[in-house]
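Enquirer: Attaching a predicted model along with its sequence, questions to come.
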Amino acid sequence: MKESPLIYLDYNATTPVAPEAARVLSRYLEEDFGNPGSDYGLGKRAKDAVARARGQVAALLSCRPNEVVFTGGATEANNTVLKGVARHFGQGQIITAATEHPSVLAPLSFLQSQGFQVTILPVDAFGRLDPDAVRRALTPRTILVSVMHANNETGTLQPVAAIARLAREAGVLCHTDAAQSVGKIPVSPAALQVDFLTVAGHKLYAPKGVGALYVRAGAPFIPLLHGGGQEGGRRSGTENVPHLAALGEACRLAGARLTQDPARLRSLRDRLHQLLQAGFPGLVLNGPAEERLPNTLNVSFPGLSGAAILAGVPRVAASLGAACHGAEETTSPVLAAMGVPPEVARGVLRLSVGRPTTREDIEEAAALLLARVRELLR
């Protein structure tokens, strides 16, 4: 008997590699496999591939190619900014929000143990940080403000431009982790007015283990990695040519699709919400109705267990929150920071759609989830 196909609704956890990006990846794994530092033809072709990828990332971000630093992913990019700025200044205060990703909160906890002052600001019931709270928290000792662009669990979009404007007026650097937003909506460091911006490859149909960091020209930081001086001395290590080439191609594709993808994803997301709401009128939306990513739906079934719901629907691949938080059934720190009651937070599902998602996927997933909910309510 043929197994029913999986309905994948966890695109905020990771995306499949786009076929076009996979073909580029294969070329630089199997054919043009040279070291970009070599002077002969094979190496020069690899060097050209890195330069082309840098230009493609820069085009998606509307920045200059020399402001793009390649990394091994978003976690490395975030650590580079936080620790690099801290090491540059030697002491001072860093401001962030309670709903940040662990790749921001964990290095900040480390820096706090090293004597830096870390101020973690609360968010409102929608997960949004009030820019005025940032203004009040700024002091002459502040060296950096780090606020994510879009939350990985709820999709909440933060008012980064307003926050960065306040930081700039105070002479303070500003970083945004845009791992979830780049490729889903238009993202520009210039529009956001930030000095640093994080990109994750595997959130935009590139492979895992590759990312990028936008660094505004002249923005000070001490590199995390020292060695052969690659990336203009900002990130040493032999370039991962196949993954960088694939990242560049994925960014090219994302840029070409930005006029169509957001509206389509929003339509699928909203249809899923409507179906679940109709079948379970007590459904709770976690996060804002409008100011969020077009593909992200975070909902709760109060009184039920989200883990129990998913356990009974193996055909639907979804999550209870951030994939990197583990599988244990505890209240999401993001929902807790938003003030979501435990009995509501326990019934959470994060459902995120992507390019391959179809209307049929949505209809079938909703039917399966609601059937499981009815089963648990018996």
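Expert: Looks like it came in fine. Numbers count the residues shown, from 1 in each chain.

Enquirer: Can you show me the helices along the stretch 51-200 of the chain?
Expert: Per DSSP state H, counting those that start in this stretch, the stretch 51-200 of the chain carries helices over the ranges 74-89, 102-113, 131-137, 160-169, 189-192.

Enquirer: for the shortest one, packing partners?
Expert: If I follow you right, that is helix 189-192. Helix 189-192 sits against helix 160-169, with contacts defined as 3 or more C-beta pairs under 8 Å, 6 or more residues apart in numbering; DSSP states H and E. All C-beta spots, glycine's among them, are computed from the backbone N, C-alpha and C.

Enquirer: mind giving me the domain ranges of the protein?
Expert: 7-16+260-377, 19-257 (automatic domain parsing).

Enquirer: tell me the most buried of the helices of the stretch 51-200 of the chain?
Expert: A comparison of the helices of the stretch 51-200 of the chain by mean neighbour count, using mean count of other C-beta atoms under 10 Å, puts helix 74-89 on top with a mean of 23.

Enquirer: Now that helix: average pLDDT?
Expert: On average, the pLDDT along helix 74-89 is 98.

Enquirer: does residue 236 really touch residue 228, like I thought?
Expert: Yes. Using C-beta atoms under 8 Å, residue 236 is in contact with residue 228, at 5.2 Å.

Enquirer: Could you check which of those two has the larger neighbour count?
Expert: Ranked by neighbour count (other C-beta atoms under 10 Å), residue 236 and residue 228 place residue 236 first, with 14 against 11.

Enquirer: In which helix or strand does the more buried one reside?
Expert: Taking DSSP states H and E as the definition, residue 236 sits outside all helices and strands.

Enquirer: how close does the closest residue to it other than its chain neighbours get to residue 211?
Expert: Nearest residue to residue 236, sequence neighbours excluded (C-beta to C-beta, 6 or more residues apart in numbering): residue 227, at 3.2 Å. Using C-beta to C-beta, to the nearest Å, we find residue 227 at a distance of 18 Å from residue 211.

Enquirer: Looking at these two, which is more packed in?
Expert: Counted by other C-beta under 10 Å, residue 227 and residue 211 do not tie: residue 211 has more neighbours, with 28 against 11.

Enquirer: Bridged to that one, which residues?
Expert: Note on residue 211: beta-bridge partners residue 71, residue 200, judged by DSSP bridges.
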